[in-house]
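**Q** Model the following, please.
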Amino acid sequence: MIAREVMTTNAVCCTDSSTVQEAVQLMKESDVGFLPVLSDFSRELVGVVTDRDLCVSVLAEGLDASQVRVIEFMTPRPASCSPDTDVNRVLGIMAEQRARRIVVVDSGNQVQGIVSVVDLIRHNAVSPEDTQQTLVRITAETPKAQAA
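**A** Modelled structure (predicted):
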């Protein structure tokens, strides 16, 4: 099985010039907590942002969400794969990058969809054992978190 067979298509995205307020509104309207960030100019993937990124980095710091841009808080160069990537490799990327979601891009770095751990489980695309091991790795405490 390959990524295109399990991915969620029509991914909701924002641009690097979007304000945090615009991104949060888009998340709310679309009932998602993760947005690929596209270049305003080329429409290529330049990053990803999560609801947690915005809550911890913007709201908790008391910043004005209508004045700051997503590009300031996104994760640049996010983990991605092609539509033809084998789902076991997708799971491996998730484990390596400690990411629950991987953006699927074409050869021009244009977003084609998103593969989440839930997509892999829903489609029974990988073994339960591999999924469990990956989830343990993704959610393991980082050395920084352990020291706190």
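**Q** what's the residue closest to the geometric middle of the chain?
**A** Among the residues of the chain, the one closest to the centroid is Arg101, at 4.7 Å (Cα atoms, centre = their mean).
**Q** Tell me how many other residues surround the closest residue to that one other than its chain neighbours.
**A** Excluding its sequence neighbours, the residue lying closest to Arg101 (Cβ to Cβ, 6 or more residues apart in numbering) is Ser116, at 4.6 Å. In this view, the C-beta of every residue, glycine as well, is placed from N, C-alpha and C. Neighbour count for Ser116, taken as other Cβ atoms under 10 Å: 18.
**Q** Arg77 is in contact with Leu45, isn't it?
**A** No. Counting by Cβ atoms under 8 Å, Arg77 stays clear of Leu45, with 9.0 Å between them.
**Q** can you give me the strands in the chain?
**A** 14-15, 34-38, 45-50, 75-76, 80-81, 101-105, 111-116 (DSSP state E).
**Q** As a markdown table, those strands with distance to Leu63 and mean pLDDT would be great.
**A** Formatted as a markdown table, those follow (distance: least, Cβ to Cβ, whole Å; pLDDT from 0 to 100):
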| stretch | distance to Leu63 | mean pLDDT |
| --- | --- | --- |
| strand 14-15 | 17 | 97 |
| strand 34-38 | 18 | 97 |
| strand 45-50 | 14 | 96 |
| strand 75-76 | 18 | 95 |
| strand 80-81 | 28 | 96 |
| strand 101-105 | 25 | 97 |
| strand 111-116 | 27 | 96 |
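**Q** Of all those strands, which one comes closest to Arg137?
**A** strand 101-105 (14.2 Å; Cβ to Cβ).
**Q** Which elements pack onto the closest one?
**A** If contacts are counted by 3 or more Cβ pairs under 8 Å, 6 or more residues apart in numbering; DSSP states H and E, strand 101-105 sits against helix 3-6, strand 45-50, strand 80-81, helix 87-97, strand 111-116.
**Q** change it to 6 Å
**A** strand 80-81, strand 111-116 (3 or more Cβ pairs under 6 Å, 6 or more residues apart in numbering; DSSP states H and E).
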